[in-house]
Structures are given as C-alpha cells and as structure tokens.
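Visitor: Give me coordinates for this.
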Amino acid sequence: MSERISVRVPATSANLGCAFDCAALALGLYLDLHVTSRSDGTVSVGYQGVDPERITVDKNNLVVRTISSTLESWGRKRGFDLEIDNQIPVGVGLGSSAAAIVGALAACHWLADRPLSDEELVSLAGRLEGHPDNVAAAWHGGFTVTVQHEGGTLACSCPVPDSVRLVLVIPDYALPTEKARQVLPAQYSRGDAIHNLQRAVMLAAQFFSGRARFHPAFFADCWHQPYRANLIPGLSEVLSLSHPDLRGICLSGAGPSILALTGYDAPAVGEVIRQTLAGHGVNAQARILAADNEGAKGWCPPCSAETASGV
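Guide: Below you'll find the model as predicted:
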C-alpha cells in the first residue's frame, strides 16, 4: 500500500424532474480527497475550495466521520491526514454529501486494503446518504439509474453524448435537503404516478439509446418540483421557460440549483435562467459544464473488486 491515495468524485444532479429518487447525472465539478495513512491513530483535516464557511475541519467533517465509522465497523480503525480540495458548492442540490461519502468509502478501500464491489460500495453509500441516486452516479458517472432491492442498490449507467451541453445555474443561497423533503406529500395520485413514470421511462430510453433526442416535456414532474416551488423563488417561472435550444430543464436534486440540457446555445439559455431568477430577487451564477462519464470509479482505479479483478 502506498503512503498516500487521491480520490476524485464528481458532482451529481439527481431527479432530473420526473425521475425522482431513481436517476442522476454526473457533472464536471469535482471533490478531490488526498488521504495519508497514520500509524498513531491521529486524524487531521485541511480544506480548500468553495463554501469554506459550510465545511467543518474536525472530527465532525462528513468525510472524516464516514471513514472513521466505516473502518471501525470493519475492525480496521486507524489514523489519517485528510486534505480536501473541493469544487462542488455545498447545500445547493449538486450532491456534495454524496461525493463526500463516495470519496470516503473509496479511501476506506485503500486504508483497509479491502476491495469493494460496485454494488457493495453503492449500497453502503446509499444507506449512509439516505437515497441511492446521487451516490450511484457519483461512483459510475454518466447517466445512472438505480433500484433498491433487498437492502442493497442495483445501478446501471451509460455515457452522456458530447452533443448534450449542461447549463447549471447556482443561486447564492443553500437549501438543506431535509427541509426540501419536508414539503413533499406522503402519497400521490395514480395520475401523477403515471405522468412521472411515462417521462422517466422516455428519459432513460433516450440516454441509453445514445441518441439523446430530448424534449422539455420529458422532464415535467408532478412529484417534487411543484411542492418545492414555495421554497425556491422563481422556480415555477424558470421551469416554464421556452428557448429554441432548450432540450430540458429541471431542479437539480432538492435545489435550489437549476439544470438545463441544451445544444449549441448554452450560454444564452443560462443567461435567460439567471435573469429570470434575478427578477425574483435571487442572485445566481450560470456555468456551462460537460457531463462526467468516468465517475469516481474511473478517476481512481483500482477502487473496486471488479476493477481489481479485471472485470
């Protein structure tokens, strides 16, 4: 085992409108973790990157807690120095906690010299995160769909074509996922369920076909975005925007960030969204991104039993 390991994990955008809690995209923003093993049991943390005021640098840090508790459960408790270099905004619907958990588990593989299968890592990460969509996409990359089954998580992913450009509009405030989930109803009507199921199936079919012929109607949602609109000024208006190059638009995860899928005119779409939010008193930054088709699995091999065995 080398003295130091580096792990890279992409940001993720979950739900994609209709595919609530079952699909996500990996994005070209990254969390980089650098871990050095220590023999004295001490843990130290250093942080650089976005939103430092939202990050703890002690034993309560999410990466530290995940590494420490996981190693202890495996009977392999040990110390380590952790350096965090983070591009993923925190608390805005871009899978920052999922990235932290996936990166921590990949580091645990190295610290404990214990290979993890894809299913084992994603299932464990999903249990720690509370839902599997972000963690699966963070690990596999691309467009990833998930199914929870018998206490575990099954995932399937495909690359996102280069022709699909992603516009991410990030407001200057955070929205805790717990708060965004509290406004959701306990039950949905059959009509709403059919509405979302039809679109989720169509969306997945387009991604996995490789054609990526999207239409804004594929992203329309009845399950979470209407209920979260009261928490996110301007969301309803943004979701109803029309532009010749707009192929799809949705809330990113629990929000408040907005994700749009476009073709050639991505900057113009981003500016329309940004100005719409500004009309509701929200300052936001628009970024043009590519999808990440590597995932943490591809950025830091060998991190899994499949990779180690050549599967």
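
Visitor: What's the local residue count around G75?
Guide: As a burial measure, G75 scores 7 neighbours (other Cβ atoms under 10 Å). Placement of C-beta: from N, CA and C, glycine included.

Visitor: separation between it and I273?
Guide: G75 sits 50 Å away from I273, taking Cβ to Cβ, to the nearest Å as the criterion.

Visitor: What of G46?
Guide: 35 Å.

Visitor: Neighbour count: these two, which is higher?
Guide: I273 (25 against 11).

Visitor: How about A260, nearest residue that isn't a chain neighbour?
Guide: In this structure, A260 finds its nearest non-sequential neighbour in V167, 4.1 Å apart by Cβ to Cβ, 6 or more residues apart in numbering.

Visitor: these two touch, right, that neighbour and G270?
Guide: Yes. At 4.4 Å, V167 and G270 qualify as touching, with contact defined as Cβ atoms under 8 Å.

Visitor: Roughly how far does G298 sit from G28?
Guide: For G298, the distance to G28 - Cβ to Cβ - is 13 Å.

Visitor: Can you show me the strands along the stretch 51-200 of the chain?
Guide: With DSSP state E, counting those that start in this stretch as the definition, the stretch 51-200 of the chain shows strands at residue ranges 79-86, 143-149, 152-158, 165-171.

Visitor: Okay, buried residues for the third one please.
Guide: For strand 152-158, the neighbour count (16 or more other Cβ atoms under 10 Å) marks T153, L154, A155, S157, C158 as buried.

Visitor: now the strands for the stretch 201-311 of the chain?
Guide: With DSSP E, counting those that start in this stretch as the definition, the stretch 201-311 of the chain shows strands at residue ranges 246-251, 258-262, 284-289.

Visitor: Can you tell me which of these is packed in deepest?
Guide: With neighbours defined by mean count of other Cβ atoms under 10 Å, none of the strands of the stretch 201-311 of the chain is more surrounded on average than strand 258-262, at a mean of 26.

Visitor: Walk me through which strands that one pairs with, and which way each runs.
Guide: Under the criterion DSSP bridges, strand 258-262 sits next to strand 165-171 (antiparallel), strand 246-251 (antiparallel) in its sheet.

Visitor: hang on, H215 packs against G248?
Guide: Yes. Distance between H215 and G248: 7.3 Å, which falls inside the contact criterion (Cβ under 8 Å).

Visitor: follow-up on the earlier one: name the residues contacting each of V167 and G270.
Guide: A260, A286, R287, I288 (Cβ atoms under 8 Å, 6 or more residues apart in numbering).

Visitor: which of those lies closest to P89?
Guide: Checking these against P89 by Cβ to Cβ gives R287 as the nearest, at 9.9 Å.
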